[in-house]
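just coords:
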């Protein structure tokens, strides 16, 4: 096993444990509960992985994290896996072809991903079934959940940037 391959294996195992720990923290009852709003802290972690590691690794971690979130979600099984996979691949591709990897861009990508995921869940879970008086629910649950999740994007961005630089060989660092 070469030194480069060993470093890659350790890096991706570290990412796996971070995503899994984020999932456990996210699904632990009343740990991050803030007035009945629980953030999706797994999604910003996967977006950061996609930004720093590319669309393929980001897509794999997004799919894995989506399956984890599907196991504890009230949505159709596979919804989160498909959405997380799509969002992570788009985030990885957009940082390759469109954006720099600045902290503000990563935070905006996380905000956009959370906004898209929450909007899709709100549409397919509530609007499509014809529930009435959804505006109070949106303003008291969905919107605070988007804001609360976006707050976690900054520490994840800083941490994953540090972790990416730590595991990259000196000759390939930016």
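Arrived safely, thanks for sending. Everything numeric in this text was worked out from a predicted model, so none of it was measured. Residues are numbered from 1 along each chain as shown.

pretty sure residue 41 contacts residue 31?
No - at 10.3 Å, residue 41 does not count as touching residue 31 under the criterion of Cβ atoms under 8 Å. C-beta here means a position set from N, CA and C on the backbone, and glycine is covered the same way.

For these two, indicate the residue with more neighbours.
Per other Cβ atoms under 10 Å, whichever of residue 41 and residue 31 has more neighbours is residue 41, with 22 against 10.

For that one, give its distance to residue 49.
Applying Cβ to Cβ, to the nearest Å, the value for residue 41 to residue 49 is 13 Å.

Name the residues contacting each of residue 41 and residue 31.
residue 25 (Cβ atoms under 8 Å, 6 or more residues apart in numbering).

on contacts alone, who are the packing partners of whatever helix or strand residue 106 lives in?
Assigned by DSSP states H and E, residue 106 belongs to helix 103-122. The contact analysis (3 or more Cβ pairs under 8 Å, 6 or more residues apart in numbering; DSSP states H and E) places helix 103-122 against helix 42-53, helix 79-97, helix 143-151, helix 153-167.

what residues does the last one touch?
This means helix 153-167. By Cβ under 8 Å, 6+ apart, helix 153-167 touches 7-8, 10-11, 14-15, 41, 44-45, 47-49, 51-53, 101, 103, 106-107, 110-111, 173.

Show me which positions of stretch 32-52 end up buried.
32, 37-52 (16 or more other Cβ atoms under 10 Å).

Then stretch 15-28?
Buried-residue list, stretch 15-28, by 16+ other Cβ under 10 Å: 15, 18, 19, 22, 23, 26, 27.

Okay, and which of those map to helices?
Among the buried residues of stretch 15-28, the residues falling in helices (DSSP state H) are 15, 18, 19, 22, 23, 26, 27.

Identify the residue nearest the geometric centre of the protein.
In the chain, the residue lying closest to the centroid (Cα atoms, centre = their mean) is residue 43, at 1.6 Å.

mind checking how far that residue is from residue 135?
Residue 43 is 24 Å from residue 135, by Cβ to Cβ.
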